[in-house]
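K.L.:
no sequence for this one, just the structure:
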């Protein structure tokens, strides 16, 4: 077992295209961000395939987590999302934040996009620590279906 989850900083770098270490979660974060970016420009027929690929990547992340991290303590608190879901949202928020930089978004919307990304990345760091310390467990259920996808507009 490796017990090693990438830092929030490495994860954010991966979402912008820089995979600094050969780690499966960093590669998945990069691919998820690429899919979120493609989603904005895709025609309606391509959206379902993009979302299916995202669901597969989320599942792959969660399977890696289940194999590589130590089992949580019996009394560990339950987190609301899987690690794959959190990384997918980080990728989504990262794309939204960088898109807001190059769009005519208001200063308020730009601030909101970056604040949302910063808060989620801090939450990922806390979750990572808790999972490694075995004090938090993640739900064991299927990944979201493509039809559940709701892209938020900035």
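P.N.:
Ah, there it is. Since the structure is predicted, the reported quantities are computational estimates derived from the model, not experimental observations.
K.L.:
quick one: low-confidence ranges for this structure?
P.N.:
For the chain, residues meeting the criterion pLDDT under 70 lie at 1-3, 105, 141-154.
K.L.:
tell me which residue is most central in it.
P.N.:
residue 87 (1.4 Å; CA atoms, centre = their mean).
K.L.:
grab the longest helix from the protein for me.
P.N.:
In the chain, with assignment by DSSP state H, the single longest helix is helix 107-133.
K.L.:
flag every buried residue along stretch 75-94.
P.N.:
76, 79, 81-94 (16 or more other CB atoms under 10 Å). The way it works is simple: take the backbone N, C-alpha and C, and place the C-beta from them, glycine included.
K.L.:
ugh, wrong one, stretch 53-73
P.N.:
Applying 16+ other CB under 10 Å to stretch 53-73 flags 53, 54, 55, 57, 58, 60, 61, 62, 64, 65, 69, 72 as buried.
K.L.:
circling back: same for the longest helix of the chain, what does it pack against?
P.N.:
helix 8-15, helix 83-101, strand 136-137 (3 or more CB pairs under 8 Å, 6 or more residues apart in numbering; DSSP states H and E).
K.L.:
the ones you listed into a markdown table, with extra columns for distance to residue 22?
P.N.:
Shown next, in a markdown table, are these (distance: least, CB to CB, whole Å):
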| stretch | distance to residue 22 |
| --- | --- |
| helix 8-15 | 11 |
| helix 83-101 | 17 |
| strand 136-137 | 26 |
